[in-house]
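Q: starting from these lines, generate the structure:
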Amino acid sequence: MRELKKLTDESLVKGYISGNSKCIDVLIDRHKNKIFTYILICVKQRELAEDVFQDTIVKVIHSLKAGRYSENGKFSSWVMRIGHNLIIDHYRKEKHLALVSNDNFDFDLFNQPKYSAKPVEDKIVYDQILKDVSELVSLLPDSQKKVLELRHYKELSFKEIAEELGVSINTALGRMRYAIINLRKLAEEKNISLSIN
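A: Numbers count the residues shown, from 1 in each chain. Next comes the predicted model:
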């Protein structure tokens, strides 16, 4: 065990995938405080943080066994991303399960999302989605990135985009289409969820 502790994260991951189950114990022990602290800061409830932490470890193990680890040399970042996504999933599920009770009626007229205040969890999810989208957009080819920025951030029409870039409207539309396709692929590859619901 002492020898295993000297190995890099990457070597431990390879060791675990090759069948040495002690490697995952060393990895978890090495990063558990950082991961748990991050989860606890996000959810602010120890019991919930413990549940999310356990779910994170289970998902990490399943992902490693299924060969879905590709972040060479960035094991802790990869685990943090899994934990973060599980936090977001928890708040999404909780949002759909939350009900307002009104015992004086057979049904509650005000039990509709449009009447409820947006909880802090929604803001966390929304802010993370904005950050994730920004990171994904930065990975697009320049031609696609430019069209996307002009359309969504400057709110230009495709005619205006075509004029500004000196291309046809069809070229501008095509670049936007490929930008969206590539964003979806990148989000899937990086295991990033871009929806609030």
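
Q: for the rest of this, base every contact and every neighbour count on C-alpha atoms.
A: OK.

Q: list the contacts for the nearest residue to residue 5 once chain neighbours are set aside?
A: Using C-alpha to C-alpha, 6 or more residues apart in numbering and skipping the chain neighbours, the partner closest in space to residue 5 is residue 26 (6.4 Å). Shown in contact with residue 26 (C-alpha atoms under 8 Å, 6 or more residues apart in numbering): 4, 5, 12.

Q: specify which member of those residues is nearest to residue 87.
A: Using C-alpha to C-alpha, residue 12 is the member of these that sits closest to residue 87, with 26.0 Å.

Q: how much space between that closest one and residue 28?
A: 10 Å (C-alpha to C-alpha, to the nearest Å).

Q: which one's more surrounded, those two?
A: Using other C-alpha atoms under 10 Å as the criterion, residue 12 and residue 28 rank with residue 12 on top: 23 against 15.

Q: contacts only, for that one.
A: With C-alpha under 8 Å, 6+ apart, residue 12 has these contacts: 4, 23, 24, 26, 27.

Q: for it, helix, strand, or coil?
A: Three-state call for residue 12 (DSSP: H, G, I helix; E, B strand; the rest coil): helix.

Q: kindly report the same for residue 67.
A: Applying three-state DSSP: residue 67 is coil.

Q: relative to residue 190, how far out is it?
A: 14 Å.

Q: could you check which of the two has the larger neighbour count?
A: Between residue 67 and residue 190, counted using other C-alpha under 10 Å, the more crowded position is residue 190 (16 against 10).

Q: what distance do you get for the more buried one to residue 51?
A: The gap separating residue 190 from residue 51 is 23 Å, by C-alpha to C-alpha.

Q: same check on residue 130?
A: 26 Å.

Q: and residue 77, by the same measure?
A: 20 Å.

Q: neighbour-wise, which of the contacts of residue 12 leads?
A: Within these, most neighbours by other C-alpha under 10 Å means residue 23, with 23 neighbours.

Q: any figure for the gap between that one and residue 63?
A: From residue 23 to residue 63 the distance is 15 Å (C-alpha to C-alpha).

Q: give me the domain ranges for the protein.
A: Listed domain ranges for the chain are 1-116, 118-197 (source: automatic domain parsing).

Q: just send these back as JSON lines, with mean pLDDT too.
A: JSON lines is the format used below for the domains of the chain (pLDDT from 0 to 100):
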{"stretch": "domain 1-116", "mean pLDDT": "82"}
{"stretch": "domain 118-197", "mean pLDDT": "82"}
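
Q: give the buried residues for stretch 83-97.
A: For stretch 83-97, burial by neighbour count (16 or more other C-alpha atoms under 10 Å) applies to 83, 84, 85, 86, 87, 88, 89, 91, 92, 95.

Q: name the SS class of residue 42, please.
A: helix.

Q: what number of residues lie near it?
A: Every residue meeting other C-alpha under 10 Å relative to residue 42 is counted, giving 15.

Q: brilliant, that's me finished.
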